[in-house]
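K.L.:
model this:
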Amino acid sequence: MIRLLFPIWSGRQRLANLLRYCSKNSLLDQGIQVHAASLRMGFDFDLMLSNDLIDMYSKCGVMDTASLVFDRMTERNVVSWTALMCGHLQNSNARATLSLFFQMVFSCLKPNEYTFSTNFKACGILNVPEIGMKIHGMCVLTGFETVPVVGNSIVDMYSKCGRINEAVMMFNVLPVKNLISWNTMLAGYTLAGQGEKALLWFHRMLEIGEIPDEYTLTTVLKACSRLGKIREGSMIHGFLITSGFPCSGKAAIAGSLIDLYVKCGNLAEARRVFNQIGEKNVISWSALILGYAQEGNLAEAIELFKQLQNNSKQVDGFVLSSMMGVFADFALVEQGKQMHAYAVKVPSGSEISVSNSIVDMYLKCGLLDEAERLFNKMPARNVVSWTVMITGYGKHGIGKEAIRLFNQMQSNNIEPDGVTYLATLSACSHSGLIKEGEEYFSQLCRNRWVKPGIEHYACMVDLLGRDGRLKEAKDLIENMPLKPNVGIWQTLLSACRVHGNLQLGKEVGQNLLTLDGENPVNYVMISNIYAEAGYWKEYEQVREMAKAKGLRKEAGRSWVEIDKVVHFFYGGDDTHPMIDKIHQVLKEMERRMKEEMGYVHGVKFALRDIDEESKVESLRVHSEKLAIGLALCHGGWDEARVIRVFKNLRICGDCHDFIKCLSKIVKVVFVVRDANRFHQFKDGLCSCRDYW
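P.N.:
Predicted coordinates:
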């Protein structure tokens, strides 16, 4: 009898080995064949093989089939449940992981260390510390808290949920602290924006003799990068060299060093590190390319990208998405189109993250129709895809379309995350959809998985402020469960300026200066509210305070793309070779606007301590007007066309009125993207309805 059974059980083990091989190498077709063979051999309900099938289908991304195998099992053990939980987590469905965990607990099956660690990861991804604390409580009761893999997962969960103090407490009670424990704490501090503490912990780690690995060093370099601490980063670089650590052979470390020097403004050193790398990989290339792009050296960034293409390196989805992001930020539509054409030809171009970046690029370049066409053609969409489109509709002032998409997304069983809610609330705010915004905010507050953050409350303050409900907006700030930040007070102050509520504006301004007295934007906003109310003495006092602190506002910059060449302008810029012709065209437009529409300059937006004629001249050289003037020089104004101009700051009131009037007397449609949103000027009207 034993000899008869032996070949059968031997076949069972061979099937298990084959399934594990298919799982490891993501071989779905072969895995399906092994599944069919196991059914033919009568192993339909075999516990071990069913567990292996769940793992194989999960690793191949076929969660429907993995769940079907699980549902049909007549017997399940902790491995069965954990395999399906891991599968959902690996396939970006952390909610399903946690849901399964509680089903398993209610079925009276005890979790093991892998079950616990998997669900702590899910809590970290979803940022649900309350659920994580409940699972932590179960670990304490069952004794799993002391198991290293579980303890480290608890530390990681608290770190990712922003509960850094709880993470430290857990770290301190770990009976065994290994390198993973230290790395988790370093990453937690860095993620929480506490880079100084990350560096202190790194030194503590070295003092006790713990030897750092590649992950440790990349994390610490990232902390230095975020802090802008080039000295400390250089010391770590020196430590790597003196200790014989092969920087040039470690792609992640080389990339982190390049990123450090880029973020600290030392592109020369970043380039030197890059040139020393023997075998350059995509991480190194992308770090330097993005460095040049962020410094505004787009020509060098594009040239490096071309070198990367010619280097026979496989350009991955991260680089494609990053380059698309650069073109989107600078609204370089021609380069974006070229990158889109390139992405279609390479395997990584079909990745969903790349498709999302392409849609985002077209939206930020003002090509809404093209973005819609690509979005509708996407074979698969994730929550980011929908959020990108909702954000785009909101920025273009098409709030009803944003709401339609948000509802369609939910009907397609895609659960919105915090960013999606933020995009939807922002769209309601930009379009004046007060009732809808209140409804979605209430929905967010009831959501089990997503909790409203300070940005969501700021959106509601903006929504109420636009409607003139300033007291309600202030009450919301004072009664919300989160500590108010600078941004939310700035939002309320902006609403006070629009509605001319000087008394509340003074109170909000004081809160702003108490919170952040080193931010020049706060002084500008406060002085503007005094200026518009005619309180010039107070206006001067605020300006003098900023001047005494040596604070200067970021310079306004606008740009326009003409014949595939991007032209940048600053306020008062006289360096462009066509500047005389630009001024001539602008003066001609002003003359026609005055004659045909009675246009007058909004001199209240000019500097106060100059004469009236100089005020008019200073307004004429605002950067967005210079960009428009150049575009009008190329192609004229009697032919129907669209001129797209982009600006790094919020458009000023005078320029807004100027472009509105200009769109009435010429056939041109002007699309201006400022720091807040898109403005489409046509026939004397703006899509923002004069509130931005």
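
K.L.:
how would you label R644: helix, strand or coil?
P.N.:
In terms of secondary structure, R644 is strand; the call rests on DSSP: H, G, I helix; E, B strand; the rest coil.

K.L.:
May I have the beta-bridge partners of it?
P.N.:
V671 (DSSP bridges).

K.L.:
Just give the number of residues close to it.
P.N.:
The number of residues packed near R644 is 21, by other C-beta atoms under 10 Å. Bear in mind the C-beta positions are built from the backbone N, C-alpha and C, glycine included.

K.L.:
In terms of pLDDT, where does it sit?
P.N.:
We have a pLDDT of 92 for R644.

K.L.:
for A606, same thing?
P.N.:
At A606, the model reports a pLDDT of 44.

K.L.:
Also F330?
P.N.:
Taking F330 on its own, its pLDDT is 83.

K.L.:
In space, what's closest to it - neighbours in sequence excluded?
P.N.:
Nearest non-adjacent residue to F330, counting by C-beta to C-beta, 6 or more residues apart in numbering: L298, 6.7 Å away.

K.L.:
from memory that neighbour sits against E334, does it?
P.N.:
No - look at L298 against E334 with C-beta atoms under 8 Å: they stay out of range, at 11.8 Å.

K.L.:
got the contact list for M597?
P.N.:
Going by C-beta atoms under 8 Å, 6 or more residues apart in numbering, M597 touches C661, K664, I665, G684.

K.L.:
how near is the residue nearest to F330 to K59?
P.N.:
Distance of L298 to K59, given as C-beta to C-beta, to the nearest Å: 41 Å.

K.L.:
more neighbours, those two?
P.N.:
Using other C-beta under 10 Å as the criterion, L298 and K59 rank with K59 on top: 23 against 16.

K.L.:
For the more buried one, which residues are in contact?
P.N.:
By C-beta under 8 Å, 6+ apart, K59 lies in contact with S23, K24, S26, G87, Q90.

K.L.:
What about the fourth one, how many residues nearby?
P.N.:
The tally of other residues near G87 (other C-beta under 10 Å) stands at 27.

K.L.:
For the closest residue to it other than its chain neighbours, what is the enclosing helix or strand?
P.N.:
Leaving aside its chain neighbours, G87 sits nearest to S58 (2.6 Å; criterion: C-beta to C-beta, 6+ apart). In the assignment (DSSP states H and E), S58 maps to helix 47-59.

K.L.:
Quick check: chain neighbours aside, which residue is closest to the most centrally placed residue in the chain?
P.N.:
Note on the chain: the residue nearest the mean C-alpha position is V419, at 8.7 Å, using C-alpha atoms, centre = their mean. Among residues not flanking V419 along the chain, T387 sits closest, at 5.3 Å (C-beta to C-beta, 6+ apart).

K.L.:
these two touch, right, the one you found and Y421?
P.N.:
No - under the criterion of C-beta under 8 Å, T387 makes no contact with Y421, lying 9.3 Å away.

K.L.:
circling back: confidence score at the residue nearest to G87?
P.N.:
For S58, the predicted pLDDT is 94.

K.L.:
Please tell me I have it right and it contacts T65.
P.N.:
No - look at S58 against T65 with C-beta under 8 Å: they stay out of range, at 9.2 Å.

K.L.:
Where do the strands of the protein begin and end?
P.N.:
557-562, 565-570, 642-647, 669-673, 678-682, 685-686 (DSSP state E).

K.L.:
before we move on, back to that, how many residues are close by the residue nearest to G87?
P.N.:
25.

K.L.:
can you check A380 too?
P.N.:
Neighbourhood size, A380 [other C-beta under 10 Å]: 8.

K.L.:
Spatially nearest residue to it (excluding sequence neighbours)?
P.N.:
I352 (5.8 Å).

K.L.:
now what about stretch 70-85, what contacts it?
P.N.:
Contact partners of stretch 70-85, identified using C-beta under 8 Å, 6+ apart, comprise 45, 47, 50-51, 54-55, 58, 66-67, 97, 100-101, 104, 109-112, 114-115, 118-119, 122.

K.L.:
Tell me which of those fall in helices.
P.N.:
47, 50-51, 54-55, 58, 66-67, 97, 100-101, 104, 114-115, 118-119, 122 (DSSP state H).

K.L.:
which of those residues are buried?
P.N.:
Among those, those classed as buried by 16 or more other C-beta atoms under 10 Å are 50-51, 54-55, 58, 66-67, 97, 100-101, 104, 114-115, 118-119, 122.

K.L.:
V359 contacts L368, correct?
P.N.:
No - under the criterion of C-beta under 8 Å, V359 makes no contact with L368, lying 10.5 Å away.

K.L.:
contacting residues around the nearest residue to V542 once chain neighbours are set aside?
P.N.:
Excluding the flanking residues, the one nearest V542 by C-beta to C-beta, 6+ apart is S527, at 4.2 Å. Taking C-beta under 8 Å, 6+ apart, we find S527 in contact with Y539, V542, R543, A546.

K.L.:
shaky segments in this protein?
P.N.:
1-10, 246-250, 312-313, 601-618, 691-692 (pLDDT under 70).

K.L.:
which residue sits closest to V388 in space, ignoring its chain neighbours?
P.N.:
In space, V388 is closest to D360, 4.9 Å off (C-beta to C-beta, 6+ apart).

K.L.:
And for G684?
P.N.:
Ranked by C-beta to C-beta, 6+ apart and with sequence neighbours excluded, the top spatial neighbour of G684 is K664, at 3.4 Å.

K.L.:
Dump stretch 187-202 to PDB, restricted to CA.
P.N.:
Extracted in PDB, the C-alpha atoms of stretch 187-202 (Å, rounded to 0.1, in the frame of the first residue of the first chain):
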ATOM      1  CA  ALA A 187      13.600  55.800   7.400                       C
ATOM      2  CA  GLY A 188      10.800  56.800   9.800                       C
ATOM      3  CA  TYR A 189      12.600  60.000  10.900                       C
ATOM      4  CA  THR A 190      13.500  60.900   7.300                       C
ATOM      5  CA  LEU A 191       9.900  60.300   6.200                       C
ATOM      6  CA  ALA A 192       8.600  62.400   9.100                       C
ATOM      7  CA  GLY A 193      10.800  65.300   8.000                       C
ATOM      8  CA  GLN A 194      13.000  65.000  11.100                       C
ATOM      9  CA  GLY A 195      16.300  64.600   9.200                       C
ATOM     10  CA  GLU A 196      18.400  65.900  12.200                       C
ATOM     11  CA  LYS A 197      17.200  63.100  14.400                       C
ATOM     12  CA  ALA A 198      17.900  60.600  11.600                       C
ATOM     13  CA  LEU A 199      21.500  61.800  11.500                       C
ATOM     14  CA  LEU A 200      21.700  61.500  15.300                       C
ATOM     15  CA  TRP A 201      20.400  57.900  15.200                       C
ATOM     16  CA  PHE A 202      22.900  57.100  12.400                       C
END
